[in-house]
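Peer 1: Please find the sequence and the predicted model below.
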Amino acid sequence: MPELVDQYLLPISLLELSQRLADADELVETIGIAMQPDEQYVPTHLSYDSRDVIPGSLFFCKGAYFQPDYFNDALLKGAAAYVSETVMPGQVPGLIVRDVRRAMALTAAWYYANLLKKLTIIGVTGTKGKSTTVYFIKSILDAWMTVENEPASAILSSIDNYDGIIFEESHITTKESLDLYRHFANAVSSGISYLAMEVSSQALKYHRVTAVPFTVGCFLNFGRDHISAIEHPDAQDYLAQKLKIFGQSEVACVNLGTEQVEQVVYASKASEWLITFGWSEFAELSATYHADKGVSGSCFTALMFGQEVQFDLALAGRFNVENALAAIASTIALGVPIDIIQQGLAKARVPGRMEPFAALQDKLILVDYAHNLMSFEALFSSVKASYPNSYIAIVFGCPGYKALDRRIDLGTVAGREADDVVLTEEDSGDEPTIDICNDIASHVKAAGGNPRIILDRSEAIESAIDLAPAGSVILITGKGRETRQKRGKEYIEVVSDVQIVEDYISEHQ
């Protein structure tokens, strides 16, 4: 059955595609392409997944785990041509390219050029705060669209995806390029004009968003993370990949409080217009006051181009003020009125982000997605400011074989700041969970903590709540409302942290 996105395909022949790829310095050679106009093949579908192939498809041989059987399956299902970094067996035409991921992203942008003209896309990158910021942006845009009597905006995040047709739990920060265009097509077909999305460093490095035109490219912050053999070799590469967003953004929004700010601001010159925000007095949008109201949220005052404006937020924490300023800057760039921005921020909710739950004995449980150094430090800072002198317990883990510095960073922060540290499973993949926990535990101990290891996540959460004294704050971090754990190479359905907490409270009331 044809996909909705196929309705937007432009009739570009394989020969013309080969010429465009050559101009982009991507083409290595062509295999069996007809040169006569009446013999030229025009794709009717683009795919990188053999399960998705229909007759007439152009098939991309992509992925570190790509198998020849996938190509054979695609041919059996009617693939009429392919794009690959190596010559594949068979009689179908092929385009051999230097980087199949980049070729796929460029191809998608060319074939769906008209689709891109119909959608305003806001991209948000940063080490922490991406999810919160895109939800803030969506809430503001939805308030605006309500006034304009238009459909609610779309969102692609690491929490949920909504495009007017699909509403789903997300399991990756930024999807592959062809998957993104399917969401774009659904949004446009649903009458949606605006889409806010998280843009990961991996998406920029491996061309998932190459040639996607961002009306706004927002840079939140930079901190050391995602350093491993399978992600970024060092912090310099991590930053360099994130800075690529400016080269495809009309408006750059930059937090002047970020590390490496000079390098970030310099890179933002690739955009046509720069808006700065943050706590700095030199920012065009600066926060001048902030007060938390416990779990009910916070309020702050912003100086916006010389004018003081009051805002309310449903989330506490100084760091969320920065996220709100990022959303304000991004939506000002789109022409959203200030009063609408105020309304949108006051209503904004982020699933799984600092979600509070009250247990017996006045225990407060906070479920949050915090999973790296910056988010951990911000979370503890916010909790200690709102609940001074409280006993704090925390439950968390780290992923297998990647972002290895997190084990040091999170273990150190938890050992220093928490009274009870419970280590458990968190997307261990191919690495034994016990090995990961033991690694983290060594850093917890070095920071003065006394960690406990409970491999079953449900048991770990229940134990942390059970053993915490009355009036404690229990932090459950990393997974939020996610319902999958990566075990081996598969993602296994599990009960979310939120559900575990809700079930515990229900059973113990």
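Peer 2: Cool, got the structure.
Peer 1: can we go C-alpha only for contacts and neighbour counts from here?
Peer 2: Noted.
Peer 1: What is the burial count for residue 402?
Peer 2: 20 (other Cα atoms under 10 Å).
Peer 1: So it versus residue 130, what's the distance?
Peer 2: In this view, residue 402 and residue 130 are 20 Å apart by Cα to Cα, to the nearest Å.
Peer 1: And for residue 157?
Peer 2: For residue 157 relative to residue 130 (Cα to Cα), the value is 8 Å.
Peer 1: same thing with residue 457?
Peer 2: Taking Cα to Cα, one finds residue 457 at 25 Å from residue 130.
Peer 1: domains of the chain?
Peer 2: 4-111, 114-347, 355-508 (automatic domain parsing).
Peer 1: on that earlier part again, what residues do residue 157 and residue 130 have in common as contacts?
Peer 2: Here residue 157 and residue 130 share the contacting residues residue 198, scored by Cα atoms under 8 Å, 6 or more residues apart in numbering.
Peer 1: In contact with the closest residue to residue 358 other than its chain neighbours, which residues?
Peer 2: With sequence-adjacent residues excluded and distances taken as Cα to Cα, 6 or more residues apart in numbering, residue 358 is closest to residue 364, at 5.0 Å. If a contact means Cα under 8 Å, 6+ apart, then residue 364 has 356, 357, 358, 471, 472, 473, 474 as its contacts.
Peer 1: Identify the bridge partners of residue 364.
Peer 2: residue 358, residue 473 (DSSP bridges).
Peer 1: re earlier: save the domains of the chain as CSV, and put in mean pLDDT too.
Peer 2: Shown next, in CSV, are the domains of the chain (pLDDT from 0 to 100):
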stretch, mean pLDDT
domain 4-111, 94
domain 114-347, 93
domain 355-508, 94
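Peer 1: what's the neighbour count on residue 182?
Peer 2: 15.
Peer 1: Following element in sequence after whichever strand or helix holds it, please.
Peer 2: Per DSSP states H and E: residue 182 is located in helix 177-189. Sequence order places strand 194-198 as the next helix or strand after helix 177-189, per DSSP H and E.
Peer 1: how far off helix 177-189 does that following strand point, in degrees?
Peer 2: Going by axes from the mean of the first three to the mean of the last three Cα atoms, to 10 degrees, strand 194-198 is angled at 150 degrees with respect to helix 177-189.
Peer 1: heads up, I number from 332, so please use that
Peer 2: Happy to do that; since the first residue is 332 now, the last one works out to strand 525-529.
Peer 1: returning to that earlier point: which one's more surrounded, residue 788 and residue 461?
Peer 2: residue 461 (26 against 22).
Peer 1: just to revisit the earlier point, now the buried members of the contacts of residue 695.
Peer 2: 687, 688, 802, 803, 804, 805 (16 or more other Cα atoms under 10 Å).
Peer 1: Now compare those residues and name the two farthest from each other.
Peer 2: 687 and 802 (13.8 Å; Cα to Cα).
Peer 1: Show me the longest helix that occurs in this protein.
Peer 2: helix 461-478 (DSSP state H).
Peer 1: Return the angle between stretch directions for it and strand 525-529.
Peer 2: 170 degrees.
Peer 1: Could you identify the helix or strand that succeeds helix 461-478?
Peer 2: With DSSP H and E, the next secondary element past helix 461-478 is strand 485-487.
Peer 1: mind listing what that next one pairs with, with the direction of each?
Peer 2: Assessed with DSSP bridges, strand 485-487 is paired to strand 491-493 (antiparallel), strand 525-529 (parallel).
Peer 1: Show me what secondary structure element comes after the last one.
Peer 2: As assigned by DSSP H and E, the chain's next helix or strand after strand 525-529 is helix 532-536.
Peer 1: Could you do the first one as well?
Peer 2: Following strand 491-493 in sequence order, the next helix or strand is strand 498-500 (DSSP H and E).
Peer 1: Quickly find the element holding residue 661.
Peer 2: Counting by DSSP H and E, residue 661 is part of helix 649-663.
Peer 1: who does that helix touch, helix- and strand-wise?
Peer 2: Applying 3 or more Cα pairs under 8 Å, 6 or more residues apart in numbering; DSSP states H and E, we find helix 649-663 packed against helix 461-478, strand 545-550, strand 580-586, strand 604-609, strand 616-623, helix 669-678, helix 704-717.
Peer 1: Nearest approach to residue 658 belongs to which of these?
Peer 2: Here helix 461-478 is closest among those (Cα to Cα), at 5.1 Å.
Peer 1: Could you check the angle that closest one makes with helix 649-663?
Peer 2: 40 degrees.
Peer 1: Give me the buried positions along helix 461-478.
Peer 2: 461-476.
Peer 1: Just give me the closest of the residues you listed to residue 639.
Peer 2: residue 471 (18.9 Å).
Peer 1: pretty sure residue 543 contacts residue 438?
Peer 2: No - contact between residue 543 and residue 438 fails when scored by Cα atoms under 8 Å: they sit 11.3 Å apart.
Peer 1: residues contacting the closest residue to residue 507 other than its chain neighbours?
Peer 2: Spatial nearest neighbour of residue 507, excluding adjacent residues (Cα to Cα, 6+ apart): residue 539 at 5.0 Å. The contact partners of residue 539, by Cα under 8 Å, 6+ apart, come to 432, 433, 436, 505, 506, 507, 508.
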